[in-house]
Structures are given as C-alpha cells and as structure tokens.
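Chemist: Make a model of this:
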Amino acid sequence: MKSLINIFLVVFGVFTIVSCATDDSLPISQDQLLRANKWQLKEIRIVKNNVTTTDKLLACERNSTLDFTNIENFLRVDYKTSNGNCTETSSNGTYIFTTFGVNRRRIRMITSTKDTLNYYMNQLDPYFMVLQDTLNKTPIDSLRLELRVYEAVK
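Modeler: Below you'll find the model as predicted:
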C-alpha cells in the first residue's frame with residue numbers, strides 16, 4: 001500500500017511540474033501593451049533635489065486622456081481648470097516607441113502642429129503608464145523631473 005501511495009505521489013508530482021513548465025499565454029510586446037488601453041491621467045509628480053511632491057489634480061484635470069489609436073497615431077485630450085471652468089484641448093499626431101537595453105523605453109510624439117514631445121517611459125504595465133519629462137537642467141537649478149501617471153481605462 002505504501003508503494004502505491006509513493007507511486008501516486010511521484011506521478012502526481014511529475015504531472016504538476018510538466019503542466020506548469022510552459023506558459024500557454026501569448027506574449028505581449030510593450031508596444032502592444034501601450035496600444036491595448038486608453039490611458040487616463042491620475043496624478044503628476046514633480047521630483048526636484050530628490051524630493052517628490054504629488055499633485056492629485058482636480059477632477060477636471062483627471063479627465064485628461066492619452067490614446068495610442070494604432071501603431072503610429074495618438075490622440076491626447078487635456079483638461080485644465082481656468083477661472084473655475086473646465087476647459088478641453090486636444091491634439092493628435094504620430095508617435096515613435098523605441099526600446100533599448102533592459103527596460104529602457106522612450107516615446108516621441110509629434111503633434112499635427114509639429115510640436116515634439118519626448119518622454120522616457122518610467123513604467124509601463126497593464127495597469128499604469130508613467131511618462132517622465134525633464135523640465136529643466138541648468139547649472140543654476142538642479143535636475144527637475146515631471147512624472148505623469150496614467151491609469152489604464154477601457
């Protein structure tokens with residue numbers, strides 16, 4: 001009886017290892033992940049002298065979205081509170097998403113008015129995207145970064 005139980009445990013163990021050895025899910029590239037969702041602005045973090053301050057934004061500003069509509073186009077809708085009123089501005093254009101090294105990603109967005117926005121992608125996962133922009137880097141002022149935190153929405 002003991003040997004029957006041992007054989008059962010060995011077979012069960014081998015089956016468990018073999019069934020967990022491969023991942024049946026399809027891999028998703030970072031670029032596909034970028035286009036999989038519409039991204040809604042949640043907060044803006046400013047980093048200066050290694051001190052981070054977080055602006056949770058007003059409800060109006062949190063309506064801002066960034067949508068990578070296909071492999072080369074984006075639509076950006078920004079909301080701002082001005083004199084107590086929520087105003088909307090939108091821009092669209094093309095983007096180039098590049099990866100280099102381990103977890104190093106950059107995105108360059110060129111609007112239809114030919115403005116160029118360059119961001120380092122600090123984080124990209126199915127739930128959040130964090131775009132990092134260098135606000136200024138001069139000898140007088142230390143490096144100052146802006147981190148725009150977006151949350152995926154369907």
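Chemist: got the residue ranges for the helices in the protein?
Modeler: All helices of the chain, identified by DSSP state H, fall at 2-20, 30-36.
Chemist: And these, which one averages the lowest pLDDT?
Modeler: Lowest mean pLDDT within the helices of the chain: helix 2-20, a mean of 57.
Chemist: Number of residues surrounding residue 79?
Modeler: Residue 79: 19 surrounding residues under other CB atoms under 10 Å. Heads up, the C-betas are built off the backbone N, CA and C, glycines and all.
Chemist: Spatially nearest residue to it (excluding sequence neighbours)?
Modeler: In this structure, residue 79 finds its nearest non-sequential neighbour in residue 63, 4.5 Å apart by CB to CB, 6 or more residues apart in numbering.
Chemist: Kindly report the same for residue 57.
Modeler: residue 43 (6.0 Å).
Chemist: any idea how far that neighbour lies from residue 54?
Modeler: Using CB to CB, to the nearest Å, we find residue 43 at a distance of 6 Å from residue 54.
Chemist: Residue 61 too?
Modeler: Using CB to CB, residue 61 is found at 13 Å from residue 54.
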